[in-house]
Structure formats: C-alpha cells, structure tokens
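Engineer: Here you go, sequence then predicted model.
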Amino acid sequence: QVQLVESGGGLVQAGGSLRLSCAASGRTFSGYAMGWFRQAPGKEREFVARITWSGINTYYADSVKGRFTISRDNAKNTVFLQMNSLKPEDTAVYYCARGRLGYGPDRREEEYDSWGQGTQVTVSS
C-alpha cells in the first residue's frame, strides 16, 4: 500500500494560481497512473485530472481543461497539479489517488486504490 500526502492548498483570490503536490512513499509509484479528485461542500467527489505512468498522456475534466495541468516526477515520487485562473467554484478539498493501472483515461473512483488525506483549496471572489 502506498501512502500519499498532498500539500500546497490554501486561500487564493479568483484569477490566481496554486500548485498542489502529492508525495508518495515507497517504491509503488512508478508504473501507476495518478489522479486528482476534488470534493466541494455538499457535493460528491469528482474527477479533476489523471496522468499515465509515463507522463505522456493526461486527461482532464471539462471544467478545468485549459486551466489546470497535471504532471509527475517519477524520480521524486511526486505528482503535481498546477491550477491557474482559479474560480470560486474550484473551492474544494483536493485529493490525489493512485490508479490501479498505469495507463488509460479512467475517471472512476473505484479504479483508484490509494488516496491521500486531502488539501483544502479556497478561492475567494
């Protein structure tokens, strides 16, 4: 089982940027796709972005496409989420998760087997 720890959340004004990081413990990072999800108050957790094990393929929710960028550094066991042009509706707890597979665009929560504790992102208007 891999342990995932997110960081980088905070309070930012609309139009601003934040960069989230997710550090994975152990050697069970390379070879697996990684994803970011978020959960806003009173709403279900939703898919945000996914990156395949190689980092070549990335997938995004329509709501963040063109504003968010997912990337990874396999040498450092870390995945990132660069968030630009933030909107108040991006306010949520953001979670990183490890995919069961290393490839493919899967957005379903059940296809991720390890989750971090989450980091709060608050965007003020």
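Structural biologist: Great, that's in hand.
Engineer: Spit out the contact partners of the closest residue to residue 2 other than its chain neighbours.
Structural biologist: Distances taken as Cβ to Cβ, 6 or more residues apart in numbering place residue 28 nearest to residue 2, at 4.4 Å, with adjacent residues excluded. Yep, even glycine has a C-beta here, placed from its N, CA and C like the rest. When the contact criterion is Cβ atoms under 8 Å, 6 or more residues apart in numbering, the partners of residue 28 are 1, 2, 98.
Engineer: mind checking pLDDT for residue 28?
Structural biologist: Residue 28 is assigned 74 on the pLDDT scale.
Engineer: Also residue 10?
Structural biologist: With respect to pLDDT, residue 10 scores 97.
Engineer: Quick check: the gap between the residue nearest the centre of the chain and residue 125.
Structural biologist: Centroid-nearest residue in the chain, with Cα atoms, centre = their mean: residue 36, separated by 2.3 Å. The spacing between residue 36 and residue 125, counted by Cβ to Cβ, to the nearest Å, is 23 Å.
Engineer: same question, residue 48
Structural biologist: In this structure, residue 48 and residue 125 are 20 Å apart, going by Cβ to Cβ.
Engineer: more neighbours, these two?
Structural biologist: Counted by other Cβ atoms under 10 Å, residue 48 and residue 125 do not tie: residue 48 has more neighbours, with 25 against 9.
Engineer: could you flag which of the contacts of residue 28 are buried?
Structural biologist: By neighbour count, with 16 or more other Cβ atoms under 10 Å, these hold 2, 98 as buried.
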